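>>> any chance you could fold what I've pasted below:
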Amino acid sequence: MAEVEETPQEKQLRLAKLYLEQLRQYEEERAAAEEEETPADLIGGRLKEDVLEQKGRLQRLVAKDVQPPDPASVRVLRGHQLPVTCLVISPDDRFIFSAPKDGSLIKWEVESGKGLCVVAGGKKGAEERHRGHASHVLCVSISSDGKYVVRARDAGAAMGSIDCIQLINEEHMVSGADDGSVALWGLTKKKPLVLARQAHGMQDSQGLQQPYWISAVAALCNSDLLATGSHSASVKLWKCGEGFRKLEPLCDIPLVGFVNSLKFSAAGDFLVAGLGQEHRFRWT
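This next block holds a predicted model:
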């Protein structure tokens, strides 16, 4: 007897029923133990939490439970020779990546506090080998699956000093440099896929024409929408086109001051800009 192929809709319905049944069994066991709420109430609450979590709107009220840590439980991880300027935590909370002004990068295991990988000037570390940076690192970004960590400061002869960087998806990232350029990169490529020079125009600096320094970049995750900031009196929105090998300006948002930080909301319905009277690297 030939098997009937399951349509995508039928598969989705089957999986939804299986999920609800598993929830029902779990909440029945939980209700029997707690004897406070009915299984229907618990399932409804759990489904509501799942929906809110998927939309990025689940608010966990945990602050009230925070207690001052035992000083003995505070661990100091030592390995850098210069002050740490930036760090990120992997999505699974298992690892920390830290970078100081000497261009090095250390991958730490949270549970043990052990430095698993030390990167310094391209020299081989404990487990891996990476391309080092001659100057200090002031921005680091990590992909949503934790597979890639990108750091930026010096891009070599291709462009100026990279001072802001952001992953777009698991294969591409955007950067901004002090020579006024905005670049799109493939994570496996050593050169930009596309480079937009003088992205925010030119300014008169001590009688010389200089490009506006790109001080912030943002990317709406897994989309073709980017934002860049400088002190050119506007934030610019861009579209990534033709396989991330083209940058198309969309519009300008008037803003006065140094744009030192940019961030899209998870849903992409608003953009936040952090402004200052001077560049964020002024005192570094």
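>>> please look at W213 and S181 and confirm they touch.
No: assessed by Cβ atoms under 8 Å, W213 is found out of contact with S181, at 10.1 Å. All C-beta atoms are positioned from the backbone trio N, CA, C, and that covers glycine.
>>> packing partners of the host helix or strand of L15?
Using DSSP states H and E, L15 sits within helix 8-34. Packing contacts for helix 8-34, counted by 3 or more Cβ pairs under 8 Å, 6 or more residues apart in numbering; DSSP states H and E, involve helix 39-54.
>>> direction included, what does the helix or strand hosting P249 pair against?
Assigned by DSSP H and E, P249 belongs to strand 246-254. With DSSP bridges as the test, strand 246-254 is paired with strand 234-241 (antiparallel).
>>> could I get the strand it pairs with in PDB with only the CA atoms?
Taking Å, rounded to 0.1, in the frame of the first residue of the first chain, the C-alpha atoms of strand 234-241 are listed here in PDB:
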ATOM      1  CA  SER A 234      21.700  62.600   9.900                       C
ATOM      2  CA  VAL A 235      21.400  58.900  10.300                       C
ATOM      3  CA  LYS A 236      21.300  57.100   6.900                       C
ATOM      4  CA  LEU A 237      19.200  54.100   6.000                       C
ATOM      5  CA  TRP A 238      20.500  51.700   3.400                       C
ATOM      6  CA  LYS A 239      19.300  48.700   1.400                       C
ATOM      7  CA  CYS A 240      21.600  45.700   0.700                       C
ATOM      8  CA  GLY A 241      21.100  44.500  -2.900                       C
END
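>>> need the residues that contact it.
Strand 234-241 has contacts (Cβ atoms under 8 Å, 6 or more residues apart in numbering) with 168, 172, 182, 184, 196, 199-200, 224-229, 246-255, 259, 262, 271, 273.
>>> buried set for it?
234-238, 240 (16 or more other Cβ atoms under 10 Å).
>>> so where is the stretch 101-250 of the chain shaky, pLDDT-wise?
The stretch 101-250 of the chain contains residues with pLDDT under 70 at 120-138, 152-160.
>>> quick one, strands of it?
If you assign secondary structure with DSSP state E, counting those that start in this stretch, the strands in the stretch 101-250 of the chain sit at 105-109, 115-119, 139-142, 149-152, 162-167, 172-177, 182-186, 194-196, 202-205, 208-211, 216-219, 225-229, 234-241, 246-254.
>>> any chance of the buried residues of strand 234-241 in JSON lines, plus distance to S205?
Output for the buried residues of strand 234-241, formatted as JSON lines (distance: Cβ to Cβ, whole Å):
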{"residue": "S234", "distance to S205": "18"}
{"residue": "V235", "distance to S205": "21"}
{"residue": "K236", "distance to S205": "20"}
{"residue": "L237", "distance to S205": "26"}
{"residue": "W238", "distance to S205": "24"}
{"residue": "C240", "distance to S205": "30"}
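>>> pick out whichever of those residues sits closest to K147.
Proximity of the buried residues of strand 234-241 to K147 (Cβ to Cβ) peaks at C240, which lies at 20.6 Å.
>>> give me the domain ranges for the protein.
The chain breaks down into these domains under automatic domain parsing: 12-53, 79-276.
>>> right, so these: which one is the most enclosed?
Mean neighbour count (mean count of other Cβ atoms under 10 Å) peaks for domain 79-276 among the domains of the chain, with a mean of 17.
>>> tell me the span between the first and last residue of that domain.
33 Å (Cα to Cα, to the nearest Å).
>>> follow-up on the earlier one: nearest to V149, of the buried residues of strand 234-241?
C240 (21.5 Å).
>>> can you tell me how far the closest one sits from Q67?
Distance, C240 to Q67, using Cβ to Cβ, to the nearest Å: 46 Å.
>>> do the same with S144
31 Å.
>>> then H172?
42 Å.
>>> could you do S73 as well?
From S73 to Q67 the distance is 11 Å (Cβ to Cβ).
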